[in-house]
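A.B. asks: Provide a 3D model corresponding to the input given below.
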Amino acid sequence: MPDVQRRIVTAAREQLVRQPGGHGGVLADVRLEGRAAALVLLAPGAVPDPAGHYRAVDALVVLDVLPAPERAERHRFHAAAGVPLYVVVDPGEGVCTVHSRPLPGVGYREAERVPFGNDLFLPLAERTLVLETGDFPTEPPTPGAAAG
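C.D. replies: Numbers count the residues shown, from 1 in each chain. Predicted coordinates for the structure are as follows:
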């Protein structure tokens, strides 16, 4: 995991762990049905399969730090699995995008872009989690990468 990605995931994980309970755990560098996810907030009672992978349906929030070319495929996968919130962090642009209201087969119906420095609100059924993004590091954008 590159340093910028690691620093963002560590900061987000520390913040989520400190917030009120009602979730099954916050895991970094986890596999959801064999696919990598940088950070996952799991539903209560979620357990890994014998290979150590979790079911995507057990994820309440997935956060990824991704380059533009990888976003579309992961976006569709998480929406198809019904993950309520999918957060994409782009340190090159200094922005987070919160995708919500999954529509299987299509993607997410809503997306909110939040520039670094602003709080990121993650509305779950029973509460809203808040991530402060002011300490998220930035990096130069990859030449030729299109925003996604």
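
A.B. asks: from the contact counts, what lies against the lowest-mean-pLDDT helix or strand in the chain?
C.D. replies: Least confident element among the helices and strands of the chain, by mean pLDDT, DSSP states H and E: helix 68-81 (a mean of 80). Other helices and strands packing on helix 68-81, by 3 or more C-beta pairs under 8 Å, 6 or more residues apart in numbering; DSSP states H and E, are strand 59-65, strand 85-90, strand 95-103, strand 107-115. All C-beta atoms are positioned from the backbone trio N, CA, C, and that covers glycine.

A.B. asks: including mean neighbour count, could those go into JSON lines?
C.D. replies: Putting the helices and strands packed on helix 68-81 into JSON lines (neighbours: other C-beta atoms under 10 Å) gives the following:
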{"stretch": "strand 59-65", "mean neighbour count": "24"}
{"stretch": "strand 85-90", "mean neighbour count": "24"}
{"stretch": "strand 95-103", "mean neighbour count": "19"}
{"stretch": "strand 107-115", "mean neighbour count": "14"}
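
A.B. asks: could you say which helix or strand holds Pro137?
C.D. replies: If you go by DSSP states H and E, Pro137 is not part of any helix or strand.

A.B. asks: which residues does it contact?
C.D. replies: Neighbouring residues of Pro137 by C-beta atoms under 8 Å, 6 or more residues apart in numbering: Val4, Arg7, Ile8, Pro91.

A.B. asks: tell me the one of these nearest Val61?
C.D. replies: Nearest to Val61, judged by C-beta to C-beta, of the contacts of Pro137 is Ile8 at 14.3 Å.

A.B. asks: the closest one: neighbour count?
C.D. replies: 26 (other C-beta atoms under 10 Å).

A.B. asks: wait, a helix at it?
C.D. replies: Yes. Assessed by DSSP: H, G, I helix; E, B strand; the rest coil, Ile8 belongs to a helix.

A.B. asks: Asp90 versus that one, what's the distance?
C.D. replies: From Ile8 across to Asp90, the span is 10 Å (C-beta to C-beta, to the nearest Å).

A.B. asks: and if you look at Leu103?
C.D. replies: 23 Å.
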